[in-house]
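Novice: I need the structure of the sequence given here:
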Amino acid sequence: MHIEINGTRLKHKIEHNSQRAFTTVRWIVFSLLSGVIMGVVGLLFYYGIYFAASFRAENPFCLFLLPFGAVIILLLYRFLHYENDGGTNLVISAIQSNAHIPGRMSVLIFISTIISHLAGASVGREGAALQIGGSLGEYIGGLLKLDEREKKTMIMCGMSAVFAALFGTPMAAAIFSMEVISVGIMHYAALVPCVLASYVAVGLSQLMGITREAYAITYIPEFDVWGGIYSCIFAVAFGLVSMFFCICLRNIEHLAHFFFRNAYVRAFVCGTILLILTFGSGGQMYNGSGINTIEACLKGDHYAFAFLWKIIFTSLSIAAGYKGGEIVPSLFIGASFGSLLASLMGLDTSLAAAVGMGSVFCGVTNCPITSLLLCFEMFGMEASPYFIISISLSYVVSGYYSLYRSQKIVYSKFQSNFIDKKAD
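Specialist: Numbering: from 1, shown residues only. Next comes the predicted model:
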């Protein structure tokens, strides 16, 4: 009898281990497939945005599209019967629950983000990448006949892969899609698929000529007590700016909806205000993603109140209905605010700009691990003490504000207790 029971247990154990091995191999194949598909889509998206932004920079008359670009986007969404666009919030909700992501979302966000960059809206590209990847991930999951739980993993695969292909940071991309869904927990079951999909996508994009975002910090002082003190001071400031950015995004959009209930009128008015502000600022510094300004801050330049203007431009762009996301603008805000603070305190502006990028990104996404990996991939490990102190404090100081309303705060940031609330 005893021998029979042990034999049954052994049989069950072998069957269980065989099932695990089969599932792992299956997901390796799925993630490699996802990485290739998302890598190709990411390539097309990257070059579409690149040519649109370059054409606008060389032909400033494109800025006169600002009052009309958002109207065109609204008409496009209406034509394809997707007027109630949930954006990245819908992608997050699809992983938290069983919300459906329409396949046409990927087409719409692809085209509308290119229109946004052509017109000069102050938007990024990574938010759009999450939507494209999530939408295609669910579509591929449906084609592969995956169940609801497996589809969620495929959605995260898609998010990571397109993010990695665009930004060239596979480690941060792989973790971001798992970390952004629920603050306080990680979806570790998706770790292997997301990592493999990210590295395949970024490898494919590099083969096709897309260089990853990597910057040099001009001077990194040896970390000491004063370095720690300054990092803490800066972190508090970065956390507060993160909160302010999220509050401005919410309230400016709310005010625009309150005063202009017609979406087309709202798009035209907000776009017109953007056009007036653009000519009032004397250039295109706050239009588009602002990569050039980020690079200038990392080289030691600083711009008074550039962070504030970028917040205004981005908030108006989102309120108008332009697409693309707020992640790269948050990096602009962090870089420009960090360089300004450092110049006021007589410190090196390049390091402060780099730390500001990681800290503000963390403050608006509530993703400290992703933020740290992003800094390591963009700047290297030498400044790691500055990054980890500032990012961790910014994470706490920024409270429960987030770019994404559907992001769920599962565990408190301040003590180890379960709160399960939506982000502010």
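Novice: is it true that Cys362 touches Cys375?
Specialist: No - with contacts counted by CB atoms under 8 Å, Cys362 stays clear of Cys375, the gap being 9.5 Å. To be clear about C-beta, it is placed using only N, CA and C from the backbone, and glycine gets the same treatment.
Novice: so between the two, which is more surrounded?
Specialist: Shown here are Cys362 and Cys375; by other CB atoms under 10 Å, Cys362 has more neighbours (32 against 27).
Novice: identify the residue spatially nearest to that one, adjacent ones excluded.
Specialist: Once flanking residues are discounted, Cys362 sits nearest to Ser371: 3.7 Å by CB to CB, 6 or more residues apart in numbering.
Novice: what do you get for Leu351?
Specialist: Leaving out its chain neighbours, the residue that sits closest to Leu351 by CB to CB, 6+ apart is Ile217, at 5.3 Å.
Novice: measure the residue nearest to Cys362 to Leu75 for me?
Specialist: Using CB to CB, to the nearest Å, Ser371 is found at 37 Å from Leu75.
Novice: the two: which is more packed in?
Specialist: Neighbours were counted for Ser371 and for Leu75 using other CB under 10 Å; Ser371 has more, 31 against 12.
Novice: can you give me the helices for the stretch 301-424 of the chain?
Specialist: Under the criterion DSSP state H, counting those that start in this stretch, helices of the stretch 301-424 of the chain are mapped to 306-320, 327-345, 349-365, 368-379, 384-397.
Novice: would you turn the ones you listed into a markdown table with mean pLDDT and distance to Asn417?
Specialist: As requested, the helices of the stretch 301-424 of the chain are exported to a markdown table (pLDDT from 0 to 100; distance: least, CB to CB, whole Å):
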| stretch | mean pLDDT | distance to Asn417 |
| --- | --- | --- |
| helix 306-320 | 97 | 32 |
| helix 327-345 | 95 | 28 |
| helix 349-365 | 97 | 21 |
| helix 368-379 | 96 | 18 |
| helix 384-397 | 97 | 15 |
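Novice: so which elements touch the helix or strand hosting Ile114?
Specialist: Under the criterion of DSSP states H and E, Ile114 resides in helix 104-119. If you count contacts as 3 or more CB pairs under 8 Å, 6 or more residues apart in numbering; DSSP states H and E, helix 104-119 packs onto helix 2-58, helix 66-79, helix 126-143.
Novice: which of those is buried the deepest?
Specialist: helix 126-143 (a mean of 26; mean count of other CB atoms under 10 Å).
Novice: just want the angle from that helix to helix 2-58.
Specialist: Using axes from the mean of the first three to the mean of the last three CA atoms, to 10 degrees, the direction of helix 126-143 lies 140 degrees away from that of helix 2-58.
Novice: packing partners for helix 126-143?
Specialist: helix 2-58, helix 87-96, helix 104-119, helix 148-167, helix 327-345.
Novice: that older thread, could you dump the helices and strands packed on helix 104-119 to TSV with distance to Phe110 and mean pLDDT?
Specialist: TSV is the format used below for these (distance: least, CB to CB, whole Å; pLDDT from 0 to 100):
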stretch	distance to Phe110	mean pLDDT
helix 2-58	6	82
helix 66-79	11	96
helix 126-143	6	91
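Novice: distance to Asn98 for the ones you listed - can I get that in a markdown table?
Specialist: Formatted as a markdown table, these follow (distance: least, CB to CB, whole Å):
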| stretch | distance to Asn98 |
| --- | --- |
| helix 2-58 | 20 |
| helix 66-79 | 23 |
| helix 126-143 | 11 |
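Novice: how about Tyr395: what's its closest non-neighbour residue?
Specialist: Per CB to CB, 6+ apart, closest to Tyr395 is Pro368, 4.6 Å.
Novice: tell me where the stretch 101-250 of the chain is predicted with low confidence.
Specialist: 213 (pLDDT under 70).
Novice: hmm, 80 instead?
Specialist: Within the stretch 101-250 of the chain, the stretches with pLDDT under 80 are 209-214.
Novice: pull the residues that contact stretch 340-357.
Specialist: Residues external to stretch 340-357 that are found in contact with it (CB atoms under 8 Å, 6 or more residues apart in numbering): 215, 217-221, 230-231, 234, 237-238, 294, 297-307, 331, 333-339, 375, 378-379, 383, 386-387, 390.
Novice: where's Ile49 relative to Glu382, distance?
Specialist: For Ile49, the distance to Glu382 - CB to CB - is 31 Å.
Novice: would you confirm that Leu118 contacts Ile72?
Specialist: No - contact criterion CB under 8 Å: Leu118 and Ile72 do not qualify, at 10.2 Å.
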